[in-house]
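1. Whatever this is, show me its structure:
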Amino acid sequence: EVQLVESGGGLVQAGGSLRLSCAASGITFDYYGIGWFRQAPGKEREVVSSISESDGTSYYADSVKGRFTISRDSAKKTVYLDMNSLKPEDTAVYYCDATDIWTKDNYWGQGTQVTVSS
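-> Numbering: from 1, shown residues only. Presented below is the predicted three-dimensional model:
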């Protein structure tokens, strides 16, 4: 059974930091690109960051560039999202997504809430 489990969300003041984790099981981790998405109330889900399965090439949405850092640990089958200088507009449920580079099979986690107070 494939599972993606996000953790690390919580309530933080503006300017603070959080580290989100996405732990994968049931997949060949190194075959999967991993993305972080977020969805705020009343808004569509949007991509925040992603990291490739191979050379660790990363992507960041303009809104988080310079503040968020994505990384992956193949031994732990975990992808991290380090979020610094958090803003109230970063408040959302954060989801991780895994996509197999060969089959395009796609899986989602259940999400973790991030709330940034002003």
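
2. For the rest of this, base every contact and every neighbour count on C-alpha atoms.
-> OK.

3. Just the endpoints, please. Distance across stretch 7-18?
-> Stretch 7-18 has an end-to-end distance of 10 Å (CA to CA, to the nearest Å).

4. who touches that stretch?
-> Stretch 7-18 is touched from outside by 19-22, 82-88, 111-118, with contacts defined as CA atoms under 8 Å, 6 or more residues apart in numbering.

5. Show me the residue at the heart of this protein, geometrically.
-> Residue closest to the average C-alpha location in the chain (CA atoms, centre = their mean): residue 36, at 2.9 Å.

6. what's near enough to touch it?
-> Residue 36 touches 47, 48, 49, 50, 81, 94, 95, 96, 97, counting by CA under 8 Å, 6+ apart.

7. out of those residues, who has the most neighbours?
-> Within the contacts of residue 36, most neighbours by other CA atoms under 10 Å means residue 96, with 30 neighbours.

8. Spatially, which residue comes closest to that residue, not counting chain neighbours?
-> Leaving aside its sequence neighbours, residue 96 sits nearest to residue 36 (CA to CA, 6 or more residues apart in numbering; 4.5 Å).

9. In terms of helices and strands, where is the one you found?
-> strand 32-39 (DSSP states H and E).

10. Give the rounded mean pLDDT of the strand or helix carrying residue 59.
-> Using DSSP H and E, the element containing residue 59 is strand 58-60. Average pLDDT, strand 58-60: 97.
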